[in-house]
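**Student:** Show me the folded form of this:
(one chain, ligands or ions: 1)
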Amino acid sequence: MNARMQNRLSLSLYLNYFVHGIGLIILAQNMQALGKLWQTPLATVSYVISGVGIGRLVAYLILGTLSDRYGRKNFVFLGMICYFIFFLGMLGAPNIQIAYLLAIVAGIANSALDSGTYTTFIELGGNEGASNVLIKAFMSLGEFVLPLLVASLENNNLWFGWSFILAALVLIINFFLLLPVKFPKTNQSKSSMIGTLKGVNKLKKIIITAALALYGYTSMALMILFTQWITLYASETLHMNNVASHFLLSLYSIGSISGVLIMFWLLRKNISELTLLVSLNIAALISLSIICFIHVAWLTQIASFVFGLTAASGVMQVGLNTFLKLYPQIKGMITGVFFTFGSLASFTIPVITGWLSQKSVAAALEFDLLISCASLLLVVIIRIALGKQRTLAGTRRTISFLDKIIVRLLIHRFKAVDTIITLKEEINIPVLDSKREEKVLSNVSAGCSDQKIVPRLQEIYTAIMASSRKYQENKRHNNN
Ligand SMILES: O=C(O)C(=O)C[C@]1(C(=O)O)C=C[C@@H](O)C=C1
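**Tutor:** Predicted coordinates for the structure are as follows:
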């Protein structure tokens, strides 16, 4: 697949996630208008929203597994068609039952898109990890744009349905853009991936698999719980005013988008994914602790931003990438398993925290600390069980780092040679000093603990000294 086609494919896949970001919150953002349309109270509209969760839960595993057999492209299109039906259908839904069915269709759309897209980015090879993290950025972009659109439609007394129409329109355009584009071969083992997850025995593989599946739950739960309770926590426990309380969520979102971009940049630099996961989970736990235990307004604001920057920076996607590299032959199914656990979180967290909030809102938010600890524990287990993964890119990173140090040391060596040439000129002796060169070579041998590489090091030093002589002779020649 050539680079142009690959870029075109990536762009279309990302565009779908912009629409998906809109789909995630479009019902919640239009609850009042939809309530009027269906002549039902807000609580019933909220009940319709739960249908999306049902759709996801039912569809993920099935669609993921099927996408391994029938190709990713079909499932991306299935996702787009389902979303199209959802957006337009909602505007014409005659009653709450049909609306509920359409919400299930949105859940199916979500599962189909994920099964077809995350897998495709991995199958495109290259910086696959980074691409999957960028999906999160496009979702956040959709979630950022839609509230602005809804508010401006409302302010101008325009029909609320335009935002639904816009999403459907983007899907149609993208459908035709994507139609002629070829997808990479399903479940191929790219050479870059063969070297990725090695040295994992059976028991370790079971432990890592369980930990990664659970991480699908905890990484999702961590974000959902925070976004659900932070505003109430700020007003009830920290006694912030209405605007300041809502602002914490905005800070979290800005943190999230910045976090995704930083993560994308770091992954493209081939930073180890697991080291990143552990560090980000530590930072998320610290910022959450600050919010829970230190009740100072400006610290809470900074901590909310940092929490978005770390917990919502695409760590879930990085977890999935690791999972996919462990099972390169059944990527669709693994995507299904991972997000099924994520969907379970979106179901159970509101129930658990709703119950905890009867005691206090603080108790609900503090439950996120427990989830954060569990998340950290899981990524540490995965990191230890996988061990230090030797990859071509990672090892080259080490070599580049060492080369930087060696070059600096060589600069110092040449500076010392500069002094030597001046001294030699003063007493008028030749550049070449064979005795000294022998001594340097024997020093090299004495200083090297691995006898096998002594001849190689001496070869290098012979070259260094030859070059040092040339340098001195040039200098002498230029001075005269
Ligand atoms: O020690 C010296 O006399 C140098 O000029 C330095 C140096 C070296 O690079 O180590 C270079 C040339 C000589 O033949 C011996 C050693």
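**Student:** Residue 159 and residue 153 touch, don't they?
**Tutor:** Yes. Applying Cβ atoms under 8 Å as the test, residue 159 and residue 153 come out as touching, 7.2 Å apart. For every residue, glycine as well, the C-beta is placed using N, CA and C.
**Student:** When the two are compared, which one has more neighbours?
**Tutor:** Higher neighbour count among residue 159 and residue 153: residue 153, with 18 against 11, using other Cβ atoms under 10 Å.
**Student:** element containing the more buried one?
**Tutor:** Per DSSP states H and E, residue 153 falls inside helix 128-155.
**Student:** tilt between the next helix-or-strand element following that helix and helix 128-155?
**Tutor:** Counting by DSSP H and E, the next helix or strand C-terminal to helix 128-155 is helix 162-178. Put simply, helix 162-178 runs at 150 degrees to helix 128-155, going by axes from the mean of the first three to the mean of the last three Cα atoms, to 10 degrees.
**Student:** Off-centre distance for helix 162-178?
**Tutor:** Computed by Cα atoms, centre = their mean, to the nearest Å, the chain-centroid distance of helix 162-178 equals 26 Å.
**Student:** Show residues contacting it.
**Tutor:** If you take Cβ atoms under 8 Å, 6 or more residues apart in numbering as the criterion, helix 162-178 is touched by 8-9, 12, 15-16, 18-19, 22-23, 26, 29-30, 76-77, 80, 83-84, 87-88, 90-91, 146, 149-150, 153.
**Student:** Any quick PyMOL command for the buried ones out of those residues?
**Tutor:** The PyMOL selection below is limited to those of the contacts of helix 162-178 classed as buried (16 or more other Cβ atoms under 10 Å):
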select buried, resi 9+12+15+16+18+19+22+23+26+29+30+76+77+80+83+84+87+88+90+91+146+149+150+153
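**Student:** Could you report the neighbour count for the residue nearest to residue 135 when sequence neighbours are not counted?
**Tutor:** In space, and not counting its chain neighbours, residue 135 is closest to residue 17: 5.0 Å by Cβ to Cβ, 6 or more residues apart in numbering. As a burial measure, residue 17 scores 23 neighbours (other Cβ under 10 Å).
**Student:** Surely residue 17 is in contact with residue 116?
**Tutor:** No. In this structure, residue 17 is not within contact of residue 116 by Cβ under 8 Å, at 11.6 Å.
**Student:** rewinding a little: what's the first helix or strand after the host helix or strand of the residue nearest to residue 135?
**Tutor:** Using DSSP H and E, residue 17 sits in helix 3-29. Later in the chain than helix 3-29, the nearest helix or strand by DSSP H and E is helix 31-38.
**Student:** Next, the buried residues of the following helix or strand past that next one.
**Tutor:** As assigned by DSSP H and E, the chain's next helix or strand after helix 31-38 is helix 42-70. Neighbour-count burial for helix 42-70, with 16+ other Cβ under 10 Å as criterion, is recorded at 44-45, 48-61, 63-68.
**Student:** Stretch 165-174 now?
**Tutor:** For stretch 165-174, a neighbour-count test (16+ other Cβ under 10 Å) marks 166-168, 170-171, 174 as buried.
**Student:** neighbours around the closest residue to the ligand within the stretch 251-400 of the chain, how many?
**Tutor:** Of all residues in the stretch 251-400 of the chain, residue 399 sits closest to the ligand, at 24.4 Å by Cβ to the nearest ligand atom. Residues contacting residue 399 under the criterion other Cβ under 10 Å number 9.
**Student:** try residue 175
**Tutor:** Residue 175: 16 surrounding residues under other Cβ under 10 Å.
**Student:** I'd like to know how far it sits from residue 81.
**Tutor:** According to Cβ to Cβ, to the nearest Å, residue 175 and residue 81 sit 8 Å apart.
**Student:** Tell me the confidence at the residue of the chain found nearest the ligand?
**Tutor:** Among the residues of the chain, residue 468 lies closest to the ligand, at 3.2 Å counting by Cβ to the nearest ligand atom. Predicted confidence (pLDDT) for residue 468: 97.
**Student:** got the buried residues for the helix or strand containing it?
**Tutor:** Using DSSP H and E, residue 468 falls within helix 454-479. For helix 454-479, the neighbour count (16+ other Cβ under 10 Å) marks 454, 458, 461, 464-465, 468-469, 472, 475 as buried.
**Student:** Same question for stretch 415-422.
**Tutor:** For stretch 415-422, by 16+ other Cβ under 10 Å, it's 417, 421.
**Student:** Also stretch 222-238?
**Tutor:** For stretch 222-238, a neighbour-count test (16+ other Cβ under 10 Å) marks 222-226, 228-231, 233-235, 237-238 as buried.
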